[in-house]
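>>> I would like the atomic coordinates for the input below:
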Amino acid sequence: MSPARIYRLARVVSAVVLAATAVWHVVLVVRHEGDAARHGLFVVVNLALAALLVLRHRWAFYPTLALTAQQLASHGLDLSRSFTGDGGLDWASLAVCLFFPTLATVLFMERSEEAEAAER
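Numbers count the residues shown, from 1 in each chain. Here you go, the predicted model:
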């Protein structure tokens, strides 16, 4: 499989994960769990990034970096607290802290390879 196909597959899988996460935020709103406005915001953010990954992947890099920074600040803190608390590991925060830097790295690698190919 060519690198371009691998990057496309990674972006599509990531978009599906983001869409599923948006659905989860809707479920949390319906259940009245947490801040409805915050969940609503993440529905929009996750769906917008999912769309960018599939439709305009070159535009997705900088929004992904911004969201990665925000998610690492939020979920990273939750994850670090779970290391020292009695409640066990915060698996959702661990997943978020692994997912977003990986996505940003994949997008960076794809952009770099596309730029190199354009120079040839």
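>>> helices or strands next to the strand or helix carrying residue 54 in the packing?
Element membership for residue 54, per DSSP states H and E: helix 36-55. Secondary-structure packing of helix 36-55 (3 or more CB pairs under 8 Å, 6 or more residues apart in numbering; DSSP states H and E): helix 3-30, helix 61-84. C-beta coordinates here come from the backbone N, C-alpha and C atoms, glycine included.
>>> got a pLDDT number for the nearest residue to residue 47 once chain neighbours are set aside?
Using CB to CB, 6 or more residues apart in numbering and skipping the chain neighbours, the partner closest in space to residue 47 is residue 22 (5.0 Å). Here, the pLDDT recorded for residue 22 equals 98.
>>> repeat for the one 4 residues further on
Predicted confidence (pLDDT) for residue 26: 97.
>>> Over to residue 41?
96.
>>> swap in the one 4 residues further on?
For residue 45, the model assigns a pLDDT of 98.
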